[in-house]
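Q: Here is a sequence with its predicted model. Questions after.
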Amino acid sequence: MLMSVSLTLLEGFVVTLELFLLTLLFALPLGLVLSFGTMSRCAPLRWVVKTVVWIVRGTPLMLQIMVVFYGPGLMFDLPLLPRFTAAVVTFVINYACYFSEIYRGGIQGVPVGQQEAGLVLGMKRGQIFFKVTLLQVIKRIVPPMGNEFITLVKDTALVRVISVYEIIWMGESYIKKGMIWPLFYTAVFYLVANGVLTLLFGWIEKKLNYFK
Amino acid sequence: MPVLDVQHIEKHFGATRVLEDISFSLEQGQALAIIGSSGSGKTTLLRCLNFLETPNQGKILVNGETLFDADDPATQRESEVRKKRLHFGLVFQSFNLFPQYTALENVTLAGELLAKERPDFKQNKRAILEEIRTQGQALLERMGLSDRAGHYPHQLSGGQQQRVAIARALALKPDILCFDEPTSALDPELTGEVLKVIRSLAQQKTTMIIVTHEMAFARDVADQVIFMDGGVIVEQGPARQVIEQPREERTRQFLSRYSQN
């Protein structure tokens, strides 16, 4: 019994991990673009991006999932997105906004003197970013990013509201058969995934400890 | 012909006039000290020379070549400004070493990146990088830091960090080396080692501009002294004369405040 439940839940957990990885794949670069938007010298662009970030961070992710999935059909009579696609789109937008704030903090946390030192040494702006600033930004954003990654693993459970067959859905399906423990058992999968992430981030932090 | 000729530089931030009609020149091998209270525009002047600020008026000439002319936008193109900066070196008050690089890497990084632009870099890559490395090592030795080459900035004292920063600025062989209050961020017992290095550079006839609050040091090391107040040059002349027998009342007041402290 345990074996067959484990395999079923694992099937759901693969969907969870797919959502997790696809979100990171798109939200990490998109967040960097958004962070440049919030730091732009062009005021209209800055305010547009800041407003988007405010709306996305200011409303529940569960609500956003429902709006993205049902919204286009209800409001504009458009065909529904596939459930998983709608989930990925929502998560990418949501997490890109959170990442953008982390990037912004990381970039603005590097003293301006670093850039000035590069400039007076005749470096190009791109060289300054890649050879001087970037690693210092990475060092600064690793701890908050670790938090976000762990939150993301757990937030994937929210897509259950549009019936994406991830691990919580699979666990709940056993309730109809009179079994509650498979739902509780899903916690183990999350714990293992987040344990791995915790170790990974600890390792990265340690690797970057050689400078201050 | 002077190495540096600064003509009628003006700089304002909004309505605040930070520099007004600044003119001076500097001969090859001379050291110029700029003194004055905080907010007198000394640092802004150095930042203008290093193209970190753009003056609103005036000209900057190095070896007779016009590097900057406020009336000629052609002299302000970003691509050329980068090369022009190399005429100057700048040592910051807060060192600004790159934390993720060792002392030696801090000294060699910019040279390595510049070397990539040389047409013969691909063929002679190994020899060029080796030469840059050897020079960097020699510079650290001149700074008394040969045993610290592999240390990261956070493993060095403030005085050692500032000496690495001086080596880093010298590595690109600037025509004029600028110091922006190089000892102001240091504990008193560490200022000596940095001043000693600057003193030996002066003895080797390095052309320098030193913004400093160390009056005795300015008097002994600099050839010329400029006293600034409220964004203008109040007095300039031979170091000993300006500091020991100032002609202007404002200079006298400033110096007497200093000797009281």
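A: Thanks, I have it.

Q: Residue A:128: how many residues sit nearby?
A: 20 (other Cβ atoms under 10 Å in any protein chain shown). No exception for glycine: its C-beta is placed from N, CA and C like everyone else's.

Q: do the same with residue A:20
A: One way to gauge burial is a neighbour count; for residue A:20, by other Cβ under 10 Å, it gives 21.

Q: Was I right to think residue B:230 contacts residue B:40?
A: Yes - under the criterion of Cβ atoms under 8 Å, residue B:230 lies in contact with residue B:40, with a separation of 6.4 Å.

Q: Dump stretch A:204-212 to PDB, keeping only the CA atoms.
A: Extracted in PDB, the C-alpha atoms of stretch A:204-212 (Å, rounded to 0.1, in the frame of the first residue of the first chain):
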ATOM      1  CA  ILE A 204      26.800  28.200  -2.300                       C
ATOM      2  CA  GLU A 205      27.000  30.600   0.700                       C
ATOM      3  CA  LYS A 206      30.100  28.900   1.900                       C
ATOM      4  CA  LYS A 207      31.700  28.900  -1.500                       C
ATOM      5  CA  LEU A 208      31.200  32.700  -1.600                       C
ATOM      6  CA  ASN A 209      32.600  33.200   1.900                       C
ATOM      7  CA  TYR A 210      36.200  33.700   0.700                       C
ATOM      8  CA  PHE A 211      35.500  37.500   0.300                       C
ATOM      9  CA  LYS A 212      33.600  40.000   2.300                       C
END
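
Q: Give the rounded mean pLDDT of that stretch.
A: Mean pLDDT, computed over stretch A:204-212, is 93.

Q: Give me every residue in chain A that's in contact range of chain B.
A: For chain A, the residues found near chain B under the criterion Cβ under 8 Å from any Cβ of the partner chain are A:111, A:113-114, A:116-124, A:127, A:131-132, A:135-136, A:139, A:210-212.

Q: Just the buried ones among those residues, please.
A: Among the residues of chain A next to chain B, those classed as buried by 16 or more other Cβ atoms under 10 Å in any protein chain shown are A:114, A:116-124, A:127, A:131-132, A:135-136, A:139, A:211.

Q: can you pull out the helices in chain A?
A: Per DSSP state H, chain A carries helices over the ranges A:2-38, A:43-58, A:61-76, A:83-109, A:112-120, A:125-127, A:134-155, A:167-172, A:181-207.

Q: So for residue B:204, which of these sits nearest?
A: Using Cβ to Cβ as the measure, helix A:112-120 is the one of the helices of chain A that comes nearest residue B:204, at 21.5 Å.

Q: quick one: low-confidence ranges for the chain?
A: Just so you know, I chose chain A. Within chain A, the set of residues satisfying pLDDT under 70 is empty.

Q: not what I meant, chain B
A: Low-confidence segments of chain B, defined by pLDDT under 70: B:260-261.

Q: which residues in it form helices?
A: Listed in chain order, the helices of chain B (DSSP H) span residues B:42-49, B:78-85, B:103-115, B:121-142, B:158-171, B:188-203, B:215-221, B:239-244, B:249-260.

Q: Report the central residue of chain B.
A: With distances taken as Cα atoms, centre = their mean, the residue of chain B nearest its centroid is residue B:178 (0.9 Å).

Q: Now the residue positioned nearest the centre of chain A. Nearest residue, chain neighbours left out?
A: A centroid search over chain A (Cα atoms, centre = their mean) returns residue A:95, at 4.0 Å, as the residue closest to the centre. Counting by Cβ to Cβ, 6 or more residues apart in numbering or on different chains, the nearest residue to residue A:95 once its immediate chain neighbours are dropped is residue A:27, at 3.9 Å.

Q: What is the burial count for the one you found?
A: Quick note: residue A:27 (other Cβ under 10 Å) scores 24 neighbours.

Q: and it, what is it in contact with?
A: With contacts defined as Cβ atoms under 8 Å, 6 or more residues apart in numbering or on different chains, residue A:27 is in contact with A:91-96, A:99.

Q: so which of those residues is the most crowded?
A: Counting by other Cβ under 10 Å, residue A:91 has the largest number of neighbours within the contacts of residue A:27, with 26 neighbours.

Q: Identify the residue spatially nearest to that residue, adjacent ones excluded.
A: Computed as Cβ to Cβ, 6+ apart, the closest residue to residue A:91 that is not its neighbour in sequence is residue A:23, at 4.2 Å.

Q: what do you get for residue A:201?
A: When the adjacent residues along the chain are set aside, residue A:201 lies closest to residue A:146, with 3.7 Å between them (Cβ to Cβ, 6+ apart).

Q: one step back: what's the closest of the helices of chain A to residue B:146?
A: Sorting these by Cβ to Cβ, the top spot, which is the nearest, belongs to helix A:112-120 at 22.7 Å.

Q: How far does that closest one sit from its chain's centre?
A: In terms of Cα atoms, centre = their mean, to the nearest Å, the centre of helix A:112-120 is set 32 Å apart from its chain centre.

Q: Quick check: which helices or strands does that helix pack against?
A: helix B:78-85, strand B:88-91 (3 or more Cβ pairs under 8 Å, 6 or more residues apart in numbering or on different chains; DSSP states H and E).

Q: Show me the contact partners of that helix.
A: Counting by Cβ under 8 Å, 6+ apart, residues outside helix A:112-120 touching it are A:127-128, A:131-133, A:136, B:50-52, B:82, B:85, B:88-90, B:92, B:94, B:96-98, B:110, B:169.

Q: Now do the residue lying closest to residue A:98 once chain neighbours are set aside against residue A:23, distance only.
A: Residue nearest to residue A:98 in three dimensions, not counting chain neighbours: residue A:148, with 5.9 Å by Cβ to Cβ, 6+ apart. Taking Cβ to Cβ, to the nearest Å as the criterion, residue A:148 is separated from residue A:23 by 10 Å.
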